[in-house]
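Undergrad: heads up, no residue letters with this:
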């Protein structure tokens, strides 16, 4: 019988201590926003169409609220992946976001102050003893405006135990007929049309009632091509974009086959191809089925930070440009696998004026695939204008 312990003793020395901040090298460009919404499957004209945005609230293109994580150098996972855990790997477990009002525009330079928060070890069916580690990301612009806080959860587990305990069924992508795919496109457009219908108008708090349902959002089927497009939407995946740390995944205990030099600033100057985690290192399980199976996944799968962005985009698109997601707490139960679709629904469960005097609605959101399997759940608060 194999040893089924998880040694997390090294983590304590890092908690509460600021890490090297994530810093961009150059100002943001509107094309960074366009790349992001395309990668996140979020066709909101406000973030990619110059003429439409010019007629709106901001008079120019604005980044979606979800874009803050794209200015980090690793999905916001840095402070949720500190310290050494022998023979381990990491997947995302959730993201909690607080938004403070300032928006991100072309020309902005963003930095992220990162502080490890806490961790707890729990027994899971997936990999036995599993570490749930949290860390805070604090995003600021060059003027010092506090844009958002992201409290990210990293799930660290032993690869050998995941292999031993995992039931690697459903390793093949489901097949969709042409008629089914055509029907999906019709469904997808219903959510897009709801954004077009609102346009630059206001969705008033006064008109919302508890029990109201948001329009269903559907996207997919996911594929290695779509997941690669997501990966490239994160600015840190482009050579030379950020002041990168010198990372040593082996020292953090990552399984040797999954360690590599992802995001390693020193190696980037020597051989940048070795720093691309989509090809070599911790992130290649997302795009290569062989490596997905190696870490206990049945086939290639999506990114946890993208799921958090999907939630924020979904709610922000409904709120419109005069509303704002002020808080979102999402829990990831399982990834989006290739061949599957993602279906998002949300219901208004409360309506209030909060302690800051904001007119807020609270929504309960669920993300599932075509089989009804829950991928993520979230509760969020959205500020809306009053009449």
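TA: Received, thanks. Note that the coordinates shown come from a computational prediction; the quantities given were computed from them, not determined experimentally.
Undergrad: Please count neighbours and contacts with C-alpha atoms only from this point.
TA: Will do.
Undergrad: For the protein, which residue occupies the most central location?
TA: What sits nearest the mean C-alpha location of the chain, by C-alpha atoms, centre = their mean, is residue 305, with 1.7 Å.
Undergrad: From residue 284, how far out is that one?
TA: 15 Å (C-alpha to C-alpha, to the nearest Å).
Undergrad: Could you pull out the buried residues of the lowest-mean-pLDDT helix or strand in the chain?
TA: Across the helices and strands of the chain, the lowest-confidence element by mean pLDDT, DSSP states H and E is helix 159-165, at a mean of 77. Across helix 159-165, burial judged by 16 or more other C-alpha atoms under 10 Å covers 159, 160, 161, 162, 163.
Undergrad: Let's have these in JSON lines, adding distance to residue 94.
TA: Output for those, formatted as JSON lines (distance: C-alpha to C-alpha, whole Å):
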{"residue": "159", "distance to residue 94": "20"}
{"residue": "160", "distance to residue 94": "23"}
{"residue": "161", "distance to residue 94": "22"}
{"residue": "162", "distance to residue 94": "19"}
{"residue": "163", "distance to residue 94": "23"}
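Undergrad: Nearest to residue 190 among those residues?
TA: When the buried residues of helix 159-165 are compared for distance to residue 190 (C-alpha to C-alpha), residue 162 wins out at 39.3 Å.
Undergrad: Who are the packing partners of the longest helix seen in the chain?
TA: Longest helix in the chain, counting residues (DSSP state H): helix 178-198. Packing partners of helix 178-198 (3 or more C-alpha pairs under 8 Å, 6 or more residues apart in numbering; DSSP states H and E): strand 217-219, helix 304-319.
Undergrad: so which of these comes closest to residue 59?
TA: helix 304-319 (17.7 Å).
Undergrad: I'd say the residue nearest to the centre of the chain and residue 96 touch.
TA: No. Between residue 305 and residue 96 there is no contact under C-alpha atoms under 8 Å: 10.7 Å.
Undergrad: Need phi/psi at the residue nearest to residue 224 when sequence neighbours are not counted.
TA: With C-alpha to C-alpha, 6 or more residues apart in numbering as the criterion, residue 224 has its nearest non-adjacent residue at 5.7 Å, and that residue is residue 287. When read as degrees, to the nearest 10, the backbone of residue 287 gives phi -110, psi -10.
Undergrad: Pull up the gap between residue 287 and residue 159, please.
TA: Taking C-alpha to C-alpha, one finds residue 287 at 18 Å from residue 159.
Undergrad: just the helices in the protein please.
TA: 30-39, 50-54, 159-165, 178-198, 224-233, 265-268, 289-294, 304-319.
Undergrad: what is the orientation angle of the fifth one with helix 304-319?
TA: Per axes from the mean of the first three to the mean of the last three C-alpha atoms, to 10 degrees, the angle that helix 224-233 makes with helix 304-319 is 80 degrees.
Undergrad: Helix 224-233 packs against which elements?
TA: Secondary-structure packing of helix 224-233 (3+ C-alpha pairs under 8 Å, 6+ apart): helix 30-39.
Undergrad: and the helix it packs on, which residues are buried?
TA: 30, 32, 33, 34, 35, 36, 37, 38, 39.
Undergrad: What is the neighbour count of residue 118?
TA: Residue 118: 18 surrounding residues under other C-alpha atoms under 10 Å.
Undergrad: these two touch, right, it and residue 131?
TA: No. Residue 118 sits out of contact with residue 131 when judged by C-alpha under 8 Å, with a separation of 10.3 Å.
Undergrad: isn't residue 14 right next to residue 82, touching?
TA: Yes. Between residue 14 and residue 82 there is a contact at 7.0 Å, judged by C-alpha under 8 Å.
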